[in-house]
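K.L.:
Curious how this folds, go ahead:
(chains A and B)
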Amino acid sequence: MRMESSTPTHFIRRIIEDDLARGRYPEGIHTRFPPEPNGFLHIGHAKAICLNFGMAAEYRGKCNLRFDDTNPEKEDMKYVDAIREDVRWLGFDWEDRLFFASDYFARLFEFAIELIEQGKAYVDSMSAEQIRQYRGTLTEPGADSPYRNRPVAENLELFHGMKDGEFGDGEHVLRAKIDMQAANLNMRDPVIYRIRRTSHYRTGDAWCIYPMYDFTQCLSDALEHVTHSLCSLEFEDHRPLYDWFIDNLDTPARPYQYEFARLNLEYTVLSKRKLIELVEDGHVDGWDDPRMPTISGLRRRGFTPESIRDFCERIGLTKSDTYIDAGVLEHVIRDELGASAPRRMAVLRPLKVVIDNYPDDEEELLDAANHPQDPAMGTRKVPFSKVIYIERDDFMEDAPKKFFRLAPGREVRLRYAYFITCNEVIKDEQTGEVLELRCSYDPATRGGNAPDGRKVKGTIHWVSAKHGRAAEIRLYDRLFSVANPDRGEQDWKAYINPASLETLDHCLTEPDLAPAQPGERFQFERLGYFCADRDGRQAGKPVFNRIVTLRDSWAKISNR
RNA sequence: AGGGGCGUAGCCAAGUGGUAAGGCACAGGGUUUUGAUCCCUGCAUUCCCAGGUUCGAAUCCUGGCGCCCCUGCCA
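P.N.:
Prediction:
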C-alpha cells in the first residue's frame, strides 16, 4: 500500500521553498529538462524528468523541454521524437514550451559578439593539441595563449570569418578570457565556439560554428527565464563558469544552477555509451529490449509511468553517490500491479493431468474472480474439462513435507475448480521423464470448497487442455550477473548475464487471454505480472513479457 | 598549486545542539482458494575515525581517513 507519510523533502525542495518564502519569484519557479538528442532516455533521465517537472508542478511553476543540440555530429531527429514520446509517456507536459538550443544559435552568436566587444573573449588560433598543452594540469597552472591579447577588432573580424565559413575545422576557436591560472580547469579560458562543417539535423548548413555546452546551457536557461537549473553532480565544477557568463552578459534573467547525484541502479548500466554498445553488439534486441533500463525498454517490459514516478520518489534526492537496490524497482511495479492487474491463469511449462473420474465429454464454466481483493473488477468464466495442464513445478514425485503442491497420493485444490488427488504417475520408460498424471477429483468440491470442511494446503493453477490457447512467454532476468558491473575487476561486458532471456514456446493460457492487446498487463496467478508484447501480432499467437515475478517465499525455503 | 563534492543499517534516506523518522531488503508470527496481497513484530546504545567545546553533539570546532568528479574544439 502506498501509505505515504508526508512527501519526502529534499534539498532542492528546501531551496525552492526558501526562494519562494523570500518572494524571489513572484511569477513562479521555472525549470527545464535539457537532454541532448543523441540517444534514448533511461531510468536515470526519469529521475531528472520527475524532479524538474515534479518541482514545477508542485510549486505551480513551469517546466520546459529543451533539446540541447549543439553538437551536430551526434544528434538526430529520431532521438528528439523518441525523447518527446518518453517524457509524455511518463506523464509530463511541457505545453507550448518545446525548445531547441539550436533555435538560439543567432542569439548565442550575438552574446559571443558582446563578450568579444567587452574584451572578454578572443579567437585562439592554436591547434587543439596546443590548447591542451597550454591548459596545464590538475596541479600545474596553465599558460596564456599567444593569441590571448588579440585586439577586439581583430577578434571580431576573425569570429565573423569563422561564422562565414572562411576557415576550416579546427583553424580557430573562440575562447572566454577568464584566468589561465585558475585552480578550476573549467575557468582556464574555456572554448565556447568551434568550427564544425557538419550538417546539423535542424539547422542544416546554416551554421558552421557551434557553441559549446557551457556557453549554451546558462544562456538558454536565461533566455527561457529558467529560475532553477537542475543538473547532475559532474557539473558542479562548471557552476562558476555558468555564473561567469550570466554575470558578464546582459541576459534577460538570472538563473541559478543546482546539482544532484545521478542514479545508479544495480544489475544494469546507465551510461549512454554502454547502452549503445549493448545494442550495437547485439547483446540485446534494440533500445526497447525489455531488459534495457531505457524508458522504452521498461515500457515494453510492462512497467507503468506511475511505477517509475513512484520509484523516482522513493530513491530520494541528495548529493551522495548511490547505488539503488534492484529490489526497489521490482517493488514499485509489484505494488501497483498487485492492486490493479486483472488475474488470469497461464501455465508456463505444462504437465498433462487426466482426471479419470471426470466424464469424458463434459465441460463446464467456472467462476473466477478477476481480483481477490477488488470485487468491482468482476468475475469471468474459466472452462474446465477432463484433461488439464498444470505447472511442472507444481508436481514432485518425492515431495518433502513442506511441499504443499501435488505429489503421489496428495490432494490439492485447482484454483476456482475442484480438489484433485494424484493416483498415478506415468513416465517415459526410457528417460524416466514424467509424462502425465492420473488424478481423481471430488465433485463435491466444485468452486474450491469441501462441504465436509476438509482443508488442503495447496492451491495450484491450471488450464483446460481442450480450451487452452498457445502462447509464447518471455522470462527476463537481470541483464548483468553482478550488482555493479562497472566496479568489477573485469571489463563490464564480462558480467553480462547470458541467461537474461528465456523464451518459453509451449505455454498455455486460459482462453480469455487470447485477444490480449499489446501493452495489456495481467497477473498470471502464482507466477508474476505479464505484459502482452507487440510481437504477438506477427507470431499469430500472443507473446507475453514477464514484468516481474511474484514474491516467492517457497523459492526461499526450497533453496535452503 | 590543485580544485569541487560526498561519508547515518545490506541498499536508499530523514535529521540543522535536546537524546537516531520512513522505505526497500531481511527474519519471525497472523489472515488467506495465489507459498501472492494484507496485518502485526523484530532489525543503528549510535551516525567514517580521533580529539575538543557543551549540562547535552550525527548536528559546532580541530585534525585525520575513505570514496566520487574535473586536464574534449562532448554534453
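K.L.:
you'd agree A:Y267 is up against A:A483?
P.N.:
Yes: contact criterion Cβ atoms under 8 Å: A:Y267 and A:A483 qualify, at 5.8 Å. No exception for glycine: its C-beta is placed from N, CA and C like everyone else's.
K.L.:
Identify the contacts common to those two.
P.N.:
Counting by Cβ atoms under 8 Å, 6 or more residues apart in numbering, the shared contacts of A:Y267 and A:A483 are A:A326.
K.L.:
quick one: which of these two has more around it?
P.N.:
In terms of neighbours (other Cβ atoms under 10 Å), A:Y267 is the more surrounded of A:Y267 and A:A483; the figures are 20 against 16.
K.L.:
phi, psi of the more buried one?
P.N.:
Backbone torsions of A:Y267, given as degrees, to the nearest 10, read phi 60, psi 20.
K.L.:
What pLDDT is listed against it?
P.N.:
Per-residue pLDDT puts A:Y267 at 98.
K.L.:
what sits against it?
P.N.:
A:Y267 neighbours (Cβ under 8 Å, 6+ apart): A:326, A:478-480, A:482-483, A:485.
K.L.:
Check A:C531 too.
P.N.:
A:C531 touches A:300-302, A:519-522, A:544-545, A:547, counting by Cβ under 8 Å, 6+ apart.
K.L.:
mind listing which of these are in strands?
P.N.:
A:521-522, A:544-545, A:547 (DSSP state E).
K.L.:
Kindly indicate which of those residues lies nearest RNA strand B.
P.N.:
Nearest to RNA strand B out of these is A:F522 (Cβ to the nearest atom of the strand; 10.6 Å).
K.L.:
Pull the number of nearby residues for that closest one.
P.N.:
Other residues near A:F522 come to 26 when the count uses other Cβ under 10 Å.
K.L.:
coming back round to it: biggest separation within the contacts of A:C531, which pair?
P.N.:
A:R300 and A:F522 (15.7 Å; Cβ to Cβ).
K.L.:
Wait, A:R197 touches A:I209, no?
P.N.:
No: with contact defined as Cβ under 8 Å, A:R197 does not reach A:I209; the gap is 9.6 Å.
K.L.:
do you know how far A:G536 is from RNA strand B?
P.N.:
Using Cβ to the nearest atom of the strand, to the nearest Å, A:G536 is found at 23 Å from RNA strand B.
K.L.:
What is the neighbour count of that residue?
P.N.:
A:G536, neighbours per other Cβ under 10 Å, totals 18.
K.L.:
hang on, it is in a helix, isn't it?
P.N.:
Yes: counting by DSSP: H, G, I helix; E, B strand; the rest coil, A:G536 is found in a helix.
K.L.:
can you pull the contacts of A:R474?
P.N.:
Contacts of A:R474 (Cβ under 8 Å, 6+ apart): A:290, A:501-504, A:533, A:543-546.
K.L.:
Regarding it, which helix or strand does it belong to?
P.N.:
strand A:469-476 (DSSP states H and E).
K.L.:
for RNA strand B, what are the nearby residues on the stretch 301-450 of chain A?
P.N.:
Contact residues (Cβ under 7 Å from any atom of the strand) of the stretch 301-450 of chain A with RNA strand B: A:314-325, A:327-328, A:330-331, A:334-335, A:338-339, A:343, A:371-373, A:402-405, A:413, A:415-416, A:447-449.
K.L.:
And for the stretch 451-560 of chain A?
P.N.:
A:458-460, A:523, A:525-526, A:550-554, A:556-557.
K.L.:
and what of the stretch 151-300 of chain A?
P.N.:
So the stretch 151-300 of chain A meets RNA strand B at A:169-170, A:173, A:181-186, A:190-191, A:194-196, A:210, A:212-214, A:216, A:233-238, A:261 (Cβ under 7 Å from any atom of the strand).
K.L.:
give me the number of residues near the closest residue to A:V412 other than its chain neighbours?
P.N.:
If the residues on either side of it in the chain are set aside, A:V412 comes closest to A:G458, at 4.2 Å by Cβ to Cβ, 6 or more residues apart in numbering. For A:G458, the neighbour count with other Cβ under 10 Å is 14.
K.L.:
And the strands in the stretch 201-350 of chain A?
P.N.:
Taking DSSP state E, counting those that start in this stretch to define them, one finds strands in the stretch 201-350 of chain A at A:209-211, A:228-232, A:256-260, A:343-344, A:346-347, A:350-355.
K.L.:
Please work out which of these is packed deepest.
P.N.:
Highest mean neighbour count among the strands of the stretch 201-350 of chain A (mean count of other Cβ atoms under 10 Å): strand A:346-347, with a mean of 26.
K.L.:
quick one: contacts of that one?
P.N.:
So strand A:346-347 is contacted by A:389-391, A:461-463, A:468, A:471, A:473, A:507-510, A:513, A:524, A:527, A:530, A:544 (Cβ under 8 Å, 6+ apart).
K.L.:
tell me the mean pLDDT over that strand?
P.N.:
Here the average pLDDT along strand A:346-347 is 98.
K.L.:
Give the partner strands of that strand in its sheet and their orientations.
P.N.:
strand A:501-509 (antiparallel) (DSSP bridges).
K.L.:
Just want the angle from the partner strand to strand A:469-476.
P.N.:
Here the directions of strand A:501-509 and strand A:469-476 differ by 150 degrees (axes from the mean of the first three to the mean of the last three Cα atoms, to 10 degrees).
K.L.:
Tell me the buried residues in stretch A:385-393?
P.N.:
Across stretch A:385-393, burial judged by 16 or more other Cβ atoms under 10 Å covers A:385-386, A:388-391, A:393.
K.L.:
From the contacts of A:C531, keep the buried residues only.
P.N.:
Using 16+ other Cβ under 10 Å, the buried ones in the contacts of A:C531 are A:300-302, A:520-522, A:544-545, A:547.
K.L.:
For the stretch 1-150 of chain A, which residues are neighbours of RNA strand B?
P.N.:
A:1, A:3, A:5, A:8-11, A:14, A:36, A:68, A:70-71, A:74, A:126-128, A:131-132, A:135, A:137-141.
K.L.:
How about the contacts made by the residue of chain A found nearest RNA strand B?
P.N.:
Here chain A gets closest to RNA strand B at one residue, A:G448, 2.1 Å apart by Cβ to the nearest atom of the strand. Going by Cβ under 8 Å, 6+ apart, A:G448 touches A:413-419, A:459.
K.L.:
that older thread, can I get the buried ones among the contacts of A:C531 in JSON lines including pLDDT?
P.N.:
Output for the buried ones among the contacts of A:C531, formatted as JSON lines (pLDDT from 0 to 100):
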{"residue": "A:R300", "pLDDT": "98"}
{"residue": "A:R301", "pLDDT": "98"}
{"residue": "A:G302", "pLDDT": "98"}
{"residue": "A:E520", "pLDDT": "98"}
{"residue": "A:R521", "pLDDT": "98"}
{"residue": "A:F522", "pLDDT": "98"}
{"residue": "A:F544", "pLDDT": "98"}
{"residue": "A:N545", "pLDDT": "98"}
{"residue": "A:I547", "pLDDT": "98"}
